[in-house]
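Enquirer: coordinates only, sequence not included:
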DNA sequence: ATGGCCTTGGTACAAGGA
């Protein structure tokens, strides 16, 4: 079973690119961020024609999230949009349960997937940073509840947090900057304290592994980036994690997203 | 060489991203 997350930076622009990636990488679920489409503009028909069903939650111009699942699989259920109880104008979260498809498998159960586009935060001290902190607090409380109901849980998306200095190409230049502040990193650790595990760090990984590279300054060619897109797995899923990798290939395409997909491989 | 972006809305350029 493969699960993936990808900030596509406009699904309208990236749809052909996304379909090409999906046909080469048949995942069991993919969460998208920054679709930048209102719900009426979501390309449901095009995706269905390519063999994908979806649930989505968008808004105009900014943000927007979706969950894609092969049409051959059971439909995602118990769909939640945004953090329950947290008033938010911005479309940043979509959660759903993937029903277990192999009834013969023992000891398993449904898998809960939460796809999230964490706020950017712009700069420490700004209003947007304060919003990011409130949002992170609400997310933490909600994920705690979700874990009680769904032991097999995956939280993945664009976190807009580089958890450690090794997730930053130039930690000195980025010290205290957005994505790297102590406050943001404490929130990331807070999610881990719920019993979640950073799937990427369950394995030995190449140094200088990033998921995002600035469009400017030849950052991708020089491999100057950040690791800000993450897949966290619950304790119940951890023994099943076989691999977690960043697929840099789509970042080399013409008109790429500035983010690369992250892919999780689970046994069974 | 040293600096170099992209998307949306809307039709010039500002806002936002990270």
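Expert: Yes, it's here. Just so you know, these numbers come straight off a predicted model, no measurement behind them. Numbers count the residues shown, from 1 in each chain, chains lettered A, B, ... in the order given.
Enquirer: now the helices for the stretch 1-150 of chain A?
Expert: Using DSSP state H, counting those that start in this stretch, the helices of the stretch 1-150 of chain A run over A:11-24, A:44-49, A:127-149.
Enquirer: just checking, what packs against the shortest one?
Expert: With contacts taken as 3 or more CB pairs under 8 Å, 6 or more residues apart in numbering; DSSP states H and E, helix A:44-49 sits against helix A:11-24, strand A:52-57. All C-beta atoms are positioned from the backbone trio N, CA, C, and that covers glycine.
Enquirer: got any ranges where the stretch 51-200 of chain A has weak pLDDT?
Expert: Along the stretch 51-200 of chain A, the parts satisfying pLDDT under 70 run over A:101-108.
Enquirer: in space, what's closest to residue A:75 - neighbours in sequence excluded?
Expert: residue A:53 (6.2 Å; CB to CB, 6 or more residues apart in numbering).
Enquirer: the one you found and residue A:231, how far apart?
Expert: The gap separating residue A:53 from residue A:231 is 21 Å, by CB to CB, to the nearest Å.
Enquirer: neighbour count winner among those two?
Expert: Ranked by neighbour count (other CB atoms under 10 Å), residue A:53 and residue A:231 place residue A:231 first, with 23 against 17.
Enquirer: tell me the contacts of the more buried one?
Expert: Contacts were defined as CB atoms under 8 Å, 6 or more residues apart in numbering; by that measure residue A:231 touches A:3, A:5, A:154-156, A:198-200, A:244, A:262, A:264.
Enquirer: now the helix or strand that contains it: average pLDDT?
Expert: Assigned by DSSP states H and E, residue A:231 belongs to strand A:229-233. For strand A:229-233, mean pLDDT rounds to 98.
Enquirer: who does that strand pair up with?
Expert: strand A:153-158 (antiparallel), strand A:197-198 (antiparallel) (DSSP bridges).
Enquirer: out of those, which is the most enclosed?
Expert: Of all these, strand A:153-158 has the most neighbours on average by mean count of other CB atoms under 10 Å, namely a mean of 26.
Enquirer: just give me the neighbour total for residue A:215.
Expert: 11.
Enquirer: ok, the residue lying closest to it once chain neighbours are set aside to DNA strand B distance?
Expert: Using CB to CB, 6+ apart and skipping the chain neighbours, the partner closest in space to residue A:215 is residue A:258 (5.4 Å). Noted for residue A:258: a distance of 6 Å to DNA strand B, by CB to the nearest atom of the strand, to the nearest Å.
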